[in-house]
Every structure is written in structure tokens, then in C-alpha cells.
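> this one's sequence-less:
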């Protein structure tokens, strides 16, 4: 069932006269009096809107759209027929749909899962109309209805099962049963058999935007975001090929922006949203919750300020509605060629706050530093395991003859570095441990002079500024019985210092599995 069908059926369900969809805006339904009201709480990105249109656009209408930039066609769905007008605008495709008739029985949309172009309305019909204006249905055998669960597309059933079990990731690969990551562990989803390539490929094609599907066919890899309306969330999807055949991994992105207090963000971290300029980095391994933390901070900026926030992401994950700020969200591969080109162009787009999804290379890091120094607030991420290691990583990206210059720029631009790890909670679920490095004048001097090894001592003596080492975060979680000592031990970057911190806090635990008093 094309995703657009669910939205179209809301027109008669709400007794509306039309559906309006613009790129980057909330879908709206038009009442008989002409007033508009939102249909969904979130905006629909231009890439998703194009995918919705292309799923139902007949071949002839597609050619007309390519040639003239506008097309119209009829689309039968269940007992309705809709007149759909599509036009190309500066930001993408825009759509208007309105019901025009009741569908003849032979025009009713095919069963869910088939992909056919809709047929045009017939010119005449020999059967008379009833007083209600409907065509009487022929007397034909009626197939017994299947249970609602069976009528759902396979992809929808898989995603709903993932959400019901509070999973974070869904793994589908050829000739294997579906797997879900639940509270950090991979486990099979009950009730689903192994899926072969003949099942996976149509499922994957039904999810992917046209551009992402072409990329997958050409390169055997693709990334995109998918709006899962039935589950009230979005998913970050990756397609790949391995030695067994095609596969995909989908990560759940909640529609709601996370609350900073529920994430455990401290007041010094929240105050980063009030900075007028500088560079703020959130680091950690893949899957440690960097995007979630950044989304919460950006939402604070959106609530507290009246500025222009520009994000460059791959793909767009959390969709930020406009609150106090103007929001511009650009996706790498769709709206800009790369992080580097998007960040360079951002300087000409009058931003106050810039979010860079990933500082992948030397040039992107250099442009981010320059952007921060020239009076913008820049947020970015790196795959490093500690705040202090992040400083070394940035400096080491550059040739030796430029490293001193970068140290000076970093000392001036860097305002904070948050390094986090995601741990399994004792009773189920996961919790983030966040190491917080805030750049004081003393720490800025250490960075400028290349004495990064002394930053740890400066953090230990600067707790009043909100400084917190990863070991301290882990000890707090152990003492509150939120996580087990072994889980903290496995996630800490420096195990020797972690054991010393345990001893200082009189926590009797041995990684070999023996709990005994520490002498």
C-alpha cells in the first residue's frame, strides 16, 4: 500500500475537500469553507514527499511532469477517486488532491503490496446511477476478509514489532530471520520467518525514495530517512549487499525531540544553547546517542532564541518544527553534495547556529573552526572516545607545519566537548554517561601550548565549572545502581584509572568476577 493512500483516505474521513502538501511543511486538509488545518504534527521533508508522489505517479504523468513541471491524474482508492495535481516548485514537489467521484468496483485499488499505475476514469458507464449518486456493485462472490494484521505490508509489521518491543534497530539480511536490537542486545523477532532476496528486494524498493533506490542499484549502498506514520516515528535506513545478498538496517528516530532532563543533561550542558559563538563538539562511538543529545540542545536553542538554525545532516534525523527560530535542515546527497560544500555554503545563508552532522575530514574541520571564529555557534560530532582525545584528534588531522596554528584556533573557538557512551541499565533500557569538558581560560592555555596531558588535572579541579570525567560519570551510575560495574568497566576508555576510581570510592568489585574488599 503506497504511503500516500493513508493520507488521501483522511480527506473523506475528516469530511474535508482537499489535501495540500508542500515540501518541508505539514500536510494540511481543506475544510468545505476553505480553512486549512494540519493533518500531521510534523513537517514532511521534500525527499519524502517526492517518494510519496513517485509511488503513485503513472508513467505518462511522470513524463508530463518532467517536461512541463506540472501534471494531473486520477487515482482510484477503495471507494473513492481522487484528482491529484502535482507541480514542481523551488524546494521540490507540491501536491493537491481532492475527491472527485466514487470508484467503480473494477477501479478499486489492488491489494496491499502490489505496485501498479492507477487507471484513468472511464468516459461512460452503462449502469444507471442510484438516487445517492453511486453505482450499484455487481453481485460477485466476496472473498472473506483477512485479519487486519495480515493485510499490513511486511515492512509495516516488522517496524511495529520493533517498536512494540522497544527496539532501537532492525536488521534484515538475506535468508535470515529478522533481528532487533533491544536494550543493546540483538534478538530474533518472533513470528517472522527467514526472508530471502526475492522478499527483501521488493520490500526495500517500497521504502526507498527514487534517488536512493537508483544509488543502491548503482553502488550497492544507500542511506535515507523514512517516515513511518503508523508508528509515529522516523527511521534512518541503510541498504547494503553482502555475500548472502541484499540487506538493510533501520534505526528508530523518535518524532518527538527528546527532553534534556530525561536524557540527564546537566545545567552547564543546557547553557550551551545560550552561547553566541564558538564550537561545541559531541563525541562518542557509533550508536552512543550523539544525535539525540544534539537534537535536545538544538531544541533548547529553538525555544529560547529568535535566530536562524541551519543543519547539515546525513540523513536528516530529528525534524525540528519552527518555534522561536527559523529552521533550515539540509541533507547530504539531496540538498548539498557533502558536509564540506554544505558548510561552505552556510556562510552565505545568514545562519546564527550551524549543526554539522559529522566532521569527517580535514577541510570540514577547518571550515567549522573558521565558522566558529567568525561569530557563529557551531555544533558538530566526532567518533572519539574521550573529550581530551578529541582535541588531539583534531590537531593530528592537520600537517605538522599547521598544527600550532590549529591549536591557537581551537583554543579560541572550542567552548565545550561532550564525550558520551551508552550503557545498559540494570532493569532494562539504556542510559548515557557524558564526560563534560568546558573550556576555561586555563584549559584554553593548555590547548594553545600543546599540554593536553594536563587537561585531566584541570578538569578534576574544575568541578565548579561543570567539568566531569567519564570515570566520575560511571561511578555515579554504579552507586545509584543504574548500571552494573561490569557494564561500566566494559565501556570505560581507561580501565586502569577506572579501577583506581572504584578503589577511591570504596566500591568492592573485581573484573574477574570476584567481589572482595579492596585493601
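Right, received. Where do you want to start? Just so we're clear, the structure is a prediction, and the values are computed from it rather than from any experiment. Numbering: from 1, shown residues only.

> Outline the domain layout of this protein.
Domain segmentation of the chain under automatic domain parsing yields 3-109, 155-254, 260-468.

> Could you dump the ones you listed into JSON lines and include distance to residue 502, mean pLDDT and mean neighbour count?
All C-beta atoms are positioned from the backbone trio N, CA, C, and that covers glycine. Shown next, in JSON lines, are the domains of the chain (distance: least, CB to CB, whole Å; pLDDT from 0 to 100; neighbours: other CB atoms under 10 Å):
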{"stretch": "domain 3-109", "distance to residue 502": "45", "mean pLDDT": "84", "mean neighbour count": "17"}
{"stretch": "domain 155-254", "distance to residue 502": "22", "mean pLDDT": "93", "mean neighbour count": "17"}
{"stretch": "domain 260-468", "distance to residue 502": "15", "mean pLDDT": "94", "mean neighbour count": "19"}
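
> So which of those is nearest residue 481?
Closest of the domains of the chain to residue 481 is domain 260-468, at 6.1 Å (criterion: CB to CB).

> residue boundaries of the helices in the stretch 401-519 of the chain?
Secondary structure of the stretch 401-519 of the chain by DSSP state H, counting those that start in this stretch: the helices cover 403-413, 441-448, 455-460, 470-479, 485-491, 495-504.

> Any chance of TSV for those helices, columns distance to residue 322?
What follows is the helices of the stretch 401-519 of the chain, written out as TSV (distance: least, CB to CB, whole Å):
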stretch	distance to residue 322
helix 403-413	28
helix 441-448	35
helix 455-460	37
helix 470-479	34
helix 485-491	37
helix 495-504	44
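
> Please enumerate the strands of the stretch 51-200 of the chain.
Defined through DSSP state E, counting those that start in this stretch, the strands belonging to the stretch 51-200 of the chain, from first to last, are 70-77, 80-89, 92-102, 167-173, 179-182, 185-188.

> can you redo those as JSON lines with distance to residue 35?
JSON lines is the format used below for the strands of the stretch 51-200 of the chain (distance: least, CB to CB, whole Å):
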{"stretch": "strand 70-77", "distance to residue 35": "24"}
{"stretch": "strand 80-89", "distance to residue 35": "20"}
{"stretch": "strand 92-102", "distance to residue 35": "15"}
{"stretch": "strand 167-173", "distance to residue 35": "40"}
{"stretch": "strand 179-182", "distance to residue 35": "43"}
{"stretch": "strand 185-188", "distance to residue 35": "49"}
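
> closest to residue 283 out of the ones you listed?
Of those, nearest to residue 283 by CB to CB is strand 167-173, at 19.8 Å.

> Remind me what that closest one packs against, helices and strands.
The criterion is 3 or more CB pairs under 8 Å, 6 or more residues apart in numbering; DSSP states H and E, and the helices and strands that strand 167-173 contacts are helix 154-164, strand 179-182, helix 197-207, strand 245-254.

> angle of it against helix 197-207?
Per axes from the mean of the first three to the mean of the last three CA atoms, to 10 degrees, the angle that strand 167-173 makes with helix 197-207 is 130 degrees.

> Figure out how far strand 167-173 is from the centre of its chain.
Averaged C-alpha coordinates place strand 167-173 at 15 Å from its chain's average position (CA atoms, centre = their mean, to the nearest Å).

> ok, residues contacting it?
For strand 167-173, contacts defined as CB atoms under 8 Å, 6 or more residues apart in numbering pick out 158-159, 162, 178-182, 186, 189, 195, 200, 203, 235, 242, 244-252, 287.

> For that strand, which strands pair with it and how are they oriented?
For strand 167-173, the pairing partners within the sheet under DSSP bridges are strand 179-182 (antiparallel), strand 245-254 (antiparallel).

> So for residue 365, which of these sits nearest?
Between residue 365 and these, the shortest gap by CB to CB is with strand 245-254, which sits at 25.5 Å.

> Show the subsequent helix or strand relative to the closest one.
Past strand 245-254, heading to the C-terminal end, the next element that is a helix or strand (DSSP states H and E) is helix 260-263.

> ok, back up a step: and the helices and strands packed on strand 167-173 as JSON lines, adding distance to residue 16?
Compiled in JSON lines, the helices and strands packed on strand 167-173 are given as follows (distance: least, CB to CB, whole Å):
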{"stretch": "helix 154-164", "distance to residue 16": "25"}
{"stretch": "strand 179-182", "distance to residue 16": "37"}
{"stretch": "helix 197-207", "distance to residue 16": "27"}
{"stretch": "strand 245-254", "distance to residue 16": "28"}
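
> which one of the ones you listed lies closest to residue 15?
Ranking the helices and strands packed on strand 167-173 by their distance to residue 15 (criterion: CB to CB) puts helix 154-164 first, at 26.5 Å.

> Could I get the pLDDT score of residue 123?
Looking at residue 123, its pLDDT stands at 38.

> how much space between the residue nearest to residue 357 when sequence neighbours are not counted and residue 22?
The spatial neighbour of residue 357 that comes closest, neighbours along the chain excluded (CB to CB, 6 or more residues apart in numbering), is residue 313 at 4.1 Å. When CB to CB, to the nearest Å is the yardstick, residue 313 and residue 22 sit 21 Å from each other.

> which ones are touching the residue lying closest to residue 84 once chain neighbours are set aside?
Computed as CB to CB, 6+ apart, the closest residue to residue 84 that is not its neighbour in sequence is residue 97, at 4.6 Å. In this structure, residue 97 makes contact with 8, 11, 18-19, 75, 82-85, judged by CB under 8 Å, 6+ apart.

> how does it look with 7 Å?
Contact partners of residue 97, counting by CB atoms under 7 Å, 6 or more residues apart in numbering, are 8, 11, 18-19, 82, 84.

> which among those residues gets closest to residue 330?
When the contacts of residue 97 are compared for distance to residue 330 (CB to CB), residue 19 comes out closest, at 26.4 Å.

> Just confirm that closest one is within a strand.
Yes: the secondary structure assignment for residue 19 places it in a strand, going by DSSP: H, G, I helix; E, B strand; the rest coil.

> distance of the closest residue to it other than its chain neighbours from residue 85?
Take residue 19 and drop its neighbours on the chain: the residue closest to it by CB to CB, 6+ apart is residue 97, 4.6 Å away. Using CB to CB, residue 97 is found at 8 Å from residue 85.

> This completes my enquiry, with thanks.
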